[in-house]
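Trainee: What follows is a predicted structure for the sequence shown.
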Amino acid sequence: DQGPGIEDKEKAFLPGYTTATSKMKEYIRGVGSGFPIIKETITFSGGSIDVKDNIKRGTVISLKLGLTEKSEKFQDSGSEPAVVLPPDIESEKKTQIDILDKFNGKLLSDRQKKILFVILELEEAGPSKISKELGFSLSTSYRELIYLEKNKLLTSSSSGKDGNKSRKSYNCQKKKKREKEAISLKSKRKD
């Protein structure tokens, strides 16, 4: 890009943020909406986006795409892969995806792992807290929490601030199970 550049790189990913002048906005529609959408998409696919200043003026945007489970499934199980990666790229691929953990045959995304770590640390969190802690949109946080709950990695409870029972908070399944077992053991010891 040879435009005016992006002075505040952190704000560049906020919806509506732009460095375009009002004159530019007359000709370019949707100014300020692209970066948040791209970041969300790239991050969801396990990739990353980097924003740096160009040497003379403007901005250089670097996108690093994550590898998905689907690309690996296209290989026939009894034959050679259609594309053979050189060893250095193959090892880089493994470090980039950090050999994703499997749970019930499903891969967890980096975003889902981050959400689980936050909930483990905080013991309980709702979509708003996840959104604030990790910088995800509220809808993304909610969608990921629902996915993790459906796969029995989290449990939800209807509770919320100020008695608002329509709000859900989530906690880790194993922690709740351990708490129930501990209560059960205590009651058995009393008998």
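Mentor: Here it is on my side, so go on.
Trainee: Test my guess that Lys11 contacts Tyr17.
Mentor: Yes: the criterion here is CB atoms under 8 Å, and Lys11 meets it with Tyr17 at 4.7 Å. C-beta: built from backbone N, CA, C; applies to glycine.
Trainee: more crowded one of these two?
Mentor: The residue with more neighbours, out of Lys11 and Tyr17, is Tyr17; 16 against 13, by other CB atoms under 10 Å.
Trainee: my guess is that one is in a strand, correct?
Mentor: No: applying DSSP: H, G, I helix; E, B strand; the rest coil, one finds Tyr17 to be coil, outside a strand.
Trainee: how about the helices of the chain, start to end?
Mentor: Secondary structure of the chain, counting by DSSP state H: helices at 22-27, 34-44, 69-73, 87-97, 110-122, 127-134, 138-150, 173-190.
Trainee: Enumerate the positions of stretch 44-53 that are buried.
Mentor: 44, 46-47, 49, 51 (16 or more other CB atoms under 10 Å).
Trainee: wait, stretch 112-129
Mentor: Within stretch 112-129, the residues that count as buried by 16+ other CB under 10 Å are 112, 114-116, 118-119, 124-127, 129.
Trainee: Mind picking the two most distant members of those residues?
Mentor: Gln112 and Glu124 (17.2 Å; CB to CB).
Trainee: Domain map for the protein?
Mentor: Following automatic domain parsing, one gets these domains for the chain: 11-64, 99-190.
Trainee: quick check, nearest of the buried residues of stretch 44-53 to Tyr170?
Mentor: Phe44 (19.3 Å).
Trainee: Report the spatially nearest residue to that closest one, omitting neighbours in sequence.
Mentor: Sequence neighbours aside, Arg111 is the residue nearest to Phe44 in space, at 6.7 Å (criterion: CB to CB, 6 or more residues apart in numbering).
Trainee: how far away is that neighbour from Ser45?
Mentor: Distance of Arg111 to Ser45, computed by CB to CB, to the nearest Å: 10 Å.
Trainee: now do Phe35
Mentor: 16 Å.
Trainee: so where is the chain shaky, pLDDT-wise?
Mentor: Within the chain, the stretches with pLDDT under 70 are 1-3, 29-33, 67-106, 159-167, 172-191.
Trainee: quick one on the thing from earlier: and of the buried residues of stretch 44-53, the nearest to Tyr27?
Mentor: Val51 (23.0 Å).
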